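Visitor: Got a predicted model here, sequence first, then my questions.
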Amino acid sequence: MVKKSAAITLSQGSNIFHEGVPYLILQVIDLSHVLSENELTGEIKKLRTSEIELEAPHIKKTGPLLDTIQDKAWDIAKQRLKIIRPLIGLRGRTADDVRKVATEHGYHINTLYKWIRDYENSDQITSLMPKTQNKNRGVLKLDPQLEAIIAATLEEEYLTKQRKSVPHVYTEIKRQCRNAGLTSPHINTVRNRINQIDRKLKVVRRESSQKAHRELHVNAGAFPHADTPLSVIQIDHTQLDIIVVDEDYRLPLTKPWITLAIDVYSRMVSGFYISFDPPSAASVGSCLAHSILPKDTWLAEHDIDAEWPCWGLPRTVHADNAKEFRGKMVTKACDIYGVNMEWRPVARPHFGGHIERLLGTFAKKIHNLPGTTFSNTREREGYDSSKESVFTLKEFESWFANQVQAYHHDIHSEINCTPLAKYEEGIFGSKRHKGSGLPPRVKDEFTLRLNFLPYYERTVQSYGIELDKVFYFSDVIRVWVHATVDNKSKQKRKFIIRRDPRDISVIWFFDPQLETYFEIPYRNNSFPAASLWELRAADKHLKEQGLATINEDVIFSSIEKMRSIEKDATEKTKKARRAQARRKDNVNKAVKVTKHVENDMPKAVRQKVPDLILDDKEEDIILPFDEIDEVAGYE
């Protein structure tokens with residue numbers, strides 16, 4: 001049986017493709033190259049890992065599509081994975097090991113063996129979802145009233161400082177069930193519910209927050225389970241201390257935000273995302289996608305001649321407790337790729353120490369750039385950040401990426417080597433430690449990017465799909481116009497759509513029958529491409545003007561008007577700057593001329609004319625043909 005997986009490991013003996021030709025990996029040379037044998041000709045060739053294809057060209061690439069998954073089935077799969085996780089990859093796993101876990105959770109041993117086999121053959125959580133024809137097998141369904149009794153009893157009896165035992169809690173559940181005329185559950189069912197309670201919550205409620213702090217404490221030099229590359233990725237946001245300018249007219253805009261991800265083991269930056277929008281699920285998803293995927297194409301697009309060999313699915317993502325990390329889209333996407341989301345405890349700043357220190361390091365370098373706002377008003381006193389700003393968002397992104405490359409090759413005081421050297425040691429091993437090997441490559445990169453984009457639910461009308469007062473249409477959605485929910489003729493059916501906030505000129509529509517995405521453009525293709533940031537700025541501007549009705553024509557008219565104003569202001573600014581530059585140049589020339597003339601004048605004459613021709617105030621100096629090019633139309 002051939003394994004089907006969302007990712008494939010690049011190691012000796014792996015089958016790969018390059019330009020449609022099958023190759024066999026003979027040896028992994030370094031983080032960016034493998035030595036491979038052409039299986040058709042026997043030619044030995046050195047290939048870049050970024051150029052490797054993981055499937056034959058004729059095979060349709062299909063990745064795990066989140067939007068095919070029902071929430072109920074998804075929750076069941078997550079519960080099953082939680083149960084078998086201690087058994088996955090367990091060396092020397094015996095039947096007694098499996099039987100113990102099965103008994104603990106109230107399942108038959110054969111059920112667990114099936115789950116383990118399905119998951120290990122696919123590496124996908126979707127393999128644990130109940131099959132349609134057998135959707136009730138292996139799943140313990142309880143009466144809603146019974147579930148309510150269990151939940152309330154755990155809250156009132158188990159999660160207390162008295163630390164009551166499981167048998168005591170079970171006795172109380174049986175008593176309440178008898179009074180309610182319900183059949184009491186098996187004690188293993190109660191144990192199962194208790195095992196699902198978050199460990200941190202248990203410690204805080206049953207013991208103390210101080211013990212939870214000690215048990216989960218992370219000091220500056222260590223982090224739990226960060227023992228190999230990509231075992232733990234830490235991610236956080238901050239607003240950057242710099243004002244950037246727009247792409248077209250180079251007028252000052254605002255301070256952008258950055259979402260940054262680092263590999264805790266090596267301190268390598270694994271990915272980042274910079275935008276004008278404040279932290280959101282979209283920025284988290286974009287940062288994680290950038291972290292997971294190879295970066296060769298991205299580096300080429302930013303004209304950066306460097307290696308950035310940090311890619312692959314992390315085992316754990318450690319993040320803040322903020323809502324943008326706990327969003328349904330982010331957690332579900334992480335689940336489907338087998339990535340564990342771990343939350344930073346509230347009021348425990350040391351848990352984010354690694355990434356916060358790195359953000360601080362980059363902030364100091366940003367303070368040396370034109371347009372910096374520094375970190376406080378005292379440092380900024382007398383400095384006009386907007387006037388001095390010069391970087392566009394993309395230019396700053398390139399500057400930041402180059403800083404990342406320099407950081408990767410600089411000695412890190414906590415690990416006593418460079419982050420790149422530490423990462424390579426973790427991958428290939430050393431005399432003291434065994435290497436983890438190259439991380440698995442995701443097969444379907446396109447689907448991964450879509451899975452990490454924010455999604456919305458909308459109906460399909462005769463005019464198309466509306467999102468934020470903007471309309472989209474394509475013939476591929478015509479079949480779904482006025483579609484209704486099955487067996488509910490009056491309830492409109494909603495469809496999943498996804499959108500990249502950096503370019504709202506298209507959305508991605510998920511067709512539930514074909515189980516694939518389609519690109520849907522603006523209904524009015526004369527509208528310009530715009531970002532979500534621009535759209536919201538225009539909408540805010542219109543509301544401030546007191547417009548009662550705002551539609552897409554008004555919005556895009558406002559966007560065009562704002563761009564026109566920016567263009568006019570830029571032209572005036574350019575003209576003013578050119579005039580100022582000429583004046584300064586003329587002043588310098590004039591001062592030189594007058595001083596030369598002054599030196600040749602008799603002393604008596606010099607004393608009589610200084611206020612006429614020797615005054616070097618720039619507004620009083622007029623030289624022949626000054627500004628004539630503007631009059632003649634040669635701006």
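Guide: Thanks, I have it. Numbering: from 1, shown residues only.

Visitor: Neighbours of R175, how many?
Guide: 13 (other CB atoms under 10 Å). (Each C-beta comes from the backbone N, C-alpha and C, glycine too.)

Visitor: Whichever helix or strand it is part of: what's the following helix or strand?
Guide: Per DSSP states H and E: R175 is located in helix 166-180. Sequence order places helix 187-195 as the next helix or strand after helix 166-180, per DSSP H and E.

Visitor: For the stretch 1-150 of the chain, which segments count as strands?
Guide: Applying DSSP state E, counting those that start in this stretch to the stretch 1-150 of the chain gives strands spanning 7-8, 15-18, 21-28, 33-38, 44-48.

Visitor: Which one, of those, ends up nearest to R93?
Guide: Closest approach to R93 among the strands of the stretch 1-150 of the chain is made by strand 7-8 (22.7 Å; CB to CB).

Visitor: before we move on, the earlier item: looking at the strands of the stretch 1-150 of the chain, which is closest to V460?
Guide: Once those are compared by CB to CB, strand 7-8 is nearest, at 33.8 Å.

Visitor: What's the mean pLDDT across that closest one?
Guide: For strand 7-8, mean pLDDT is 66.

Visitor: Generate TSV for the strands of the stretch 1-150 of the chain, with mean neighbour count as supplementary columns.
Guide: Shown next, in TSV, are these (neighbours: other CB atoms under 10 Å):
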stretch	mean neighbour count
strand 7-8	19
strand 15-18	17
strand 21-28	17
strand 33-38	18
strand 44-48	13
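
Visitor: Pipe those into CSV and attach distance to V169 per row.
Guide: Below are the strands of the stretch 1-150 of the chain laid out as CSV (distance: least, CB to CB, whole Å):
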stretch, distance to V169
strand 7-8, 41
strand 15-18, 53
strand 21-28, 52
strand 33-38, 55
strand 44-48, 58
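
Visitor: Tell me which of those sits nearest to L81.
Guide: Of all the strands of the stretch 1-150 of the chain, strand 7-8 comes closest under CB to CB, at 16.3 Å.

Visitor: that older thread, of the strands of the stretch 1-150 of the chain, which approaches G271 most closely?
Guide: strand 7-8 (16.5 Å).

Visitor: hmm, back to that, looking at the strands of the stretch 1-150 of the chain, which has the lowest confidence?
Guide: strand 7-8 has the lowest average pLDDT among these, namely a mean of 66.

Visitor: among the strands of the stretch 1-150 of the chain, which is nearest R498?
Guide: strand 7-8 (21.4 Å).

Visitor: distance between stretch 504-516 and the chain's centre?
Guide: Relative to its chain's centre, stretch 504-516 lies at 21 Å (CA atoms, centre = their mean, to the nearest Å).

Visitor: Report the buried residues of that stretch.
Guide: I504, S505, V506, I507, W508, F509, F510, D511, T516 (16 or more other CB atoms under 10 Å).

Visitor: in the sheet, who's paired with the third one?
Guide: The one in question is V506. P521 (DSSP bridges).

Visitor: what's it in contact with, if anything?
Guide: Y472, R499, E519, I520, P521, Y522 (CB atoms under 8 Å, 6 or more residues apart in numbering).

Visitor: Need the nearest residue in space to S36, chain neighbours excluded.
Guide: Closest residue to S36 apart from its sequence neighbours, by CB to CB, 6 or more residues apart in numbering: Y23 at 4.0 Å.

Visitor: any idea how far that neighbour lies from S14?
Guide: 9 Å (CB to CB, to the nearest Å).

Visitor: Pull the residues that contact the helix holding R175.
Guide: So helix 166-180 is in contact with 145-146, 149-150, 153-154, 157-158, 183-185, 187, 190-191, 194, going by CB under 8 Å, 6+ apart.

Visitor: on that earlier part again, can you lay out the contacts of V506 as JSON lines showing neighbour count and pLDDT?
Guide: Converted to JSON lines, the contacts of V506 look like this (neighbours: other CB atoms under 10 Å; pLDDT from 0 to 100):
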{"residue": "Y472", "neighbour count": "25", "pLDDT": "94"}
{"residue": "R499", "neighbour count": "22", "pLDDT": "91"}
{"residue": "E519", "neighbour count": "11", "pLDDT": "92"}
{"residue": "I520", "neighbour count": "22", "pLDDT": "93"}
{"residue": "P521", "neighbour count": "15", "pLDDT": "93"}
{"residue": "Y522", "neighbour count": "21", "pLDDT": "92"}
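
Visitor: Out of those, which is nearest to G312?
Guide: Checking the contacts of V506 one by one against G312 (CB to CB), the nearest turns out to be R499, at 26.8 Å.

Visitor: then the strand or helix carrying the closest one to PDB, C-alphas only?
Guide: Secondary structure assignment for R499, by DSSP H and E: strand 495-500. What follows is strand 495-500, C-alpha atoms only, in PDB (Å, rounded to 0.1, in the frame of the first residue of the first chain):
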ATOM      1  CA  PHE A 495     -20.100  29.000   0.600                       C
ATOM      2  CA  ILE A 496     -16.600  29.200   1.700                       C
ATOM      3  CA  ILE A 497     -14.500  32.000   0.100                       C
ATOM      4  CA  ARG A 498     -10.900  33.000   0.900                       C
ATOM      5  CA  ARG A 499      -9.200  36.300   0.200                       C
ATOM      6  CA  ASP A 500      -5.600  37.600   0.400                       C
END
